[in-house]
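[1] sequence-free structure coming up:
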């Protein structure tokens, strides 16, 4: 299941804070801040999608992520590669490196990351 753009924005705040009450989440937004009812609705949808959980602290709810940012991003990337690049990481890498206009140093850094990963797989 996927998050909407507004849900992703809220999720990013929750990943940053790790645990947060509604007031903490609202404070993370720049002015003009969204209405508390908007955040409440988003949190309810995200709970239904199993991205967010909460603990009751008195009458308040302290929210926390049920999915790590890394796992969400990884699943999102795999879907992107499957849907837009014929399930080919090589096609994705080719597009990514051509369109991003990396410097030689940045490409060397990417090469080192890939070589390190290959060494660890052996």
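    Done, it's in. All figures in this text were calculated on a predicted structure; none of them were measured in a lab.

[2] Looking only at stretch 79-98, what residues are buried by neighbour count?
    By neighbour count with 16 or more other CB atoms under 10 Å, stretch 79-98 contains the buried residues 81, 85, 92. To be clear about C-beta, it is placed using only N, CA and C from the backbone, and glycine gets the same treatment.

[3] how about a markdown table for the residues you listed, with secondary structure added?
    A markdown table is the format used below for those (DSSP: H, G, I helix; E, B strand; the rest coil):
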| residue | secondary structure |
| --- | --- |
| 81 | helix |
| 85 | coil |
| 92 | helix |
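
[4] Would you point out the helix or strand in this structure whose mean pLDDT is lowest?
    In the chain, the helix or strand scored least confidently by mean pLDDT, DSSP states H and E is helix 89-99, which has a mean of 80.

[5] Straight-line length of stretch 88-108, end to end?
    As for stretch 88-108, its first-to-last residue distance stands at 22 Å under the measure CA to CA, to the nearest Å.

[6] re the thing from before, return the closest of the buried residues of stretch 79-98 with respect to residue 5.
    Nearest to residue 5 out of the buried residues of stretch 79-98 is residue 81 (CB to CB; 20.3 Å).

[7] just checking, the closest one touches residue 94?
    No. With contact taken as CB atoms under 8 Å, residue 81 and residue 94 are classed as non-touching, separated by 11.7 Å.
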